[in-house]
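K.L.:
next one to model:
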Amino acid sequence: MKNNNSCFLVSVLFFALFSITLPACGGGTGNPGSEGLDKTWGIITAEIMPGVEVSDYKNFAAQGRSVDVFQNHDCDGNPESNDPELFTEHPARVNITLTPSNDNIPTAEHIIEGYRIDYTTETPGAPPIQSFTSGSQTIVLKPDTETSFYVVMVDISRKIKLAEDLTYGQYQPQYQYPTYTAIYTFYGKDIHGNSFQTVVQTNFDVGDYDYCSL
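P.N.:
Residues are numbered from 1 along each chain as shown. Model (predicted):
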């Protein structure tokens, strides 16, 4: 299995004339897109890491950035046993911190109402992945506090579609494990009704990974 690399993007939008997007890990690329924070007097620092923590391995087949799109239906090779490989959505963990952009102006709570994922790939011949939009949800960001939560990175329906595209020859990637970038746009409002959005991205690989040992 590939290394459990994580990649994150720090998006910072300063009130007034400065808008900066900083790549914060090896191999990452900046992606501008934060909006509205000049009206909410906030700075959002976000990082996103593919996979789940070790304690969640029994619930999710999602170690690091290695997204398994081919399920093994018989892990021990014995047709009389029932031991399919764990096959779940592949989540990612998000850590977000909200800080004031001006020490003299208090920053209100920000509420994330949902997110969208757009997928890109630089692997020649790799199949596309359709964009994903989350359902309604509420994530409250309190000033000067880190908030952590899980989001979908690749859901089951997209994993199955990738497996079909890679199996039936319509797409022939240059590499056995094509690499993708998931670009997240989180959107919401502060408690005064001012809208904002912030963008963060991470990379992952897809292929036939062994999750039978989980």
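K.L.:
alpha carbons only for contacts and neighbour counts from here, please
P.N.:
Noted.
K.L.:
now do the buried residues in the longest helix along the chain.
P.N.:
Ranked by residue count, the top helix of the chain under DSSP state H comes out as helix 156-167. Residues of helix 156-167 classed as buried under the neighbour-count rule (16 or more other Cα atoms under 10 Å) are R158, K159, K161, L162, A163, E164, D165, L166.
K.L.:
next SSE after that helix?
P.N.:
Where DSSP states H and E defines the elements, the next helix or strand beyond helix 156-167 is strand 179-190.
K.L.:
now that following strand - C-alpha only, PDB.
P.N.:
Extracted in PDB, the C-alpha atoms of strand 179-190 (Å, rounded to 0.1, in the frame of the first residue of the first chain):
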ATOM      1  CA  THR A 179      -3.600  10.400  -9.000                       C
ATOM      2  CA  TYR A 180      -6.400  12.900  -8.500                       C
ATOM      3  CA  THR A 181      -6.900  16.200  -6.700                       C
ATOM      4  CA  ALA A 182     -10.100  16.800  -4.700                       C
ATOM      5  CA  ILE A 183     -10.900  20.500  -4.500                       C
ATOM      6  CA  TYR A 184     -13.300  21.300  -1.600                       C
ATOM      7  CA  THR A 185     -15.300  24.500  -1.500                       C
ATOM      8  CA  PHE A 186     -16.900  24.900   2.000                       C
ATOM      9  CA  TYR A 187     -19.600  27.500   2.100                       C
ATOM     10  CA  GLY A 188     -21.900  29.000   4.800                       C
ATOM     11  CA  LYS A 189     -22.700  32.200   6.800                       C
ATOM     12  CA  ASP A 190     -21.700  33.900  10.000                       C
END
